[in-house]
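A.B. asks: Got a sequence here, can you build the structure:
(one chain, ligands or ions: 3)
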Amino acid sequence: MSYDRTAVVFVNLGSPKESTPKAVKQFLKEFLGDPRVIEVNPILWKIILNLIILPIRSPQSAKRYETIWTPEGSPLVVETEKLVGGMGQRLGKKFPGLFCTYAMRYGDPSIANVVRNLHLEKGFQKILLVPLNPQYSATTTGSVMDALCDVLKTMRSQPEIRMVRDFHNEDAYIEALAKSISDFWKKHSPLGEKGKLVLSFHGMPQSYVNKGDPYQDQTVVESDLIANRLNLKSDQWIRTYQSRFGKDVWLQPYTEPTLVELAKKGTERIDIVCPSFITDCLETHEEIEGEARKAFLDAGGKEFNYIPCLNAQDYWLDLFSDFLGKHLNGWEEQS
Ligand SMILES: C=CC1=C(C)c2cc3[nH]c(cc4nc(cc5[nH]c(cc1n2)c(C)c5CCC(=O)O)C(CCC(=O)O)=C4C)c(C)c3C=C
Ligand SMILES: [Fe+2]
Ligand SMILES: [Fe+2]
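C.D. replies: Ligands and ions are numbered 1, 2, ... in the order given. From the prediction side, this is the model:
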């Protein structure tokens, strides 16, 4: 019994190759050109994107990427690589012969190239796709599925496929997040009377949810599970949505204005986590650790603590590999 012809592909969103305006433009062109991400008339959007959004946004975005770039590259890519290495070791022990790798939804390595290479060149017959998005959204998980189907369409002989749709309410994930928060309180100091825990989820246009995207519901279920696991009273924590893009109404309450309001109303300390992201990235380092911190402190807040994403921490990878075991069990080669 072996898993020699089974591969696990972790899929993250992706990052520009470099923090230059040119590389950021190339990345944003693919990302914002995805009809799952921006739902407007595609012809009109192509014109607006190329003539207005990309020329303005790319240099601005490149400056933001510049502030988080590491000698090894984008944090999202660096952390994804560490996670995949750690998961490969763990899953390899449980499922002998199993191969773990990663793909990015936008940029490189693309889902198409990775799946083609695994199946057509290396002969893997079974592929488990694991988008690193705890909550399902058409803009993220749905788009990964689209990209997967696009490459499968080009194959005469297709591999067998499984995909993790979401894990927002999985014990393994809730336990890991709750542990990262309670460990922080043990090492640092408890939240205290004038402190609040903020669960800041990535936002999306309200209209997407109105049309049936289950993302917001899943953020509600998940944050209640975390608060229960941590025994928090309702006035000790709040759920917010970050990263608004464009002028549409997005999911509310918005993270940064909420932090400012809390500071003005006497909250002195904020401890904040970003549960939409498994790996730290632009949206956590720059938007939360940088901009949101500044906004809270400028508005009179006294202490702002960013609790990092789960990334490749050992206890999380142990729990994550147990969880993925459920998707891999019974999939071994019978011959
Ligand atoms: C309409 C626009 C966007 C939607 C919808 C959206 C949903 C969404 N995104 C993530 C995760 C990430 N987004 C990241 C960056 C980013 N997101 C948008 C826009 C939308 N996201 C933009 C324009 C950008 C680029 C940066 C910028 O110019 O502001 C990232 C970070 C990537 C990195 O390289 O670090 C992540 C991760 C989720 C989970 C989500 C819906 C739930
Ligand atoms: Fe985003
Ligand atoms: Fe952002």
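
A.B. asks: Who are the contact partners of the closest residue to ligand 3 within the chain?
C.D. replies: Of all residues in the chain, the one sitting closest to ligand 3 is Ser243 (3.6 Å; CB to the ion). Quick note: C-beta positions are derived from backbone N, CA and C, even for glycine. By CB atoms under 8 Å, 6 or more residues apart in numbering, the contact list for Ser243 reads His202, Gly203, Glu283, Glu287.

A.B. asks: Report the two of the residues you listed separated the most.
C.D. replies: Largest separation among these by CB to CB: Gly203 and Glu287, giving 10.9 Å.

A.B. asks: Identify the contacts common to the two.
C.D. replies: Gln242, Ser243.

A.B. asks: picking that back up, near ligand 3, which of the contacts of Ser243 show up?
C.D. replies: Contacts with ligand 3 within those, as defined by CB under 5 Å from the ion: Glu283, Glu287.

A.B. asks: Among the contacts of Ser243, which are located in helices?
C.D. replies: Per DSSP state H, helices hold the following members of these: Glu283.

A.B. asks: neighbour-wise, which of the contacts of Ser243 leads?
C.D. replies: Highest neighbour count within the contacts of Ser243, by other CB atoms under 10 Å: His202, with 27 neighbours.

A.B. asks: State the number of residues packed around the closest residue to that one other than its chain neighbours.
C.D. replies: The shortest distance from His202 to any non-neighbouring residue, by CB to CB, 6 or more residues apart in numbering, is to Ser276 (4.0 Å). For Ser276, the tally of surrounding residues (other CB under 10 Å) stands at 26.

A.B. asks: residue contacts, Ser276?
C.D. replies: Ser276 is in contact with Asn133, Pro134, Gln135, Phe201, His202, Thr219, counting by CB under 8 Å, 6+ apart.

A.B. asks: Narrow those to just the buried residues.
C.D. replies: Neighbour counting by 16 or more other CB atoms under 10 Å classes Asn133, Pro134, Gln135, Phe201, His202, Thr219 among the contacts of Ser276 as buried.
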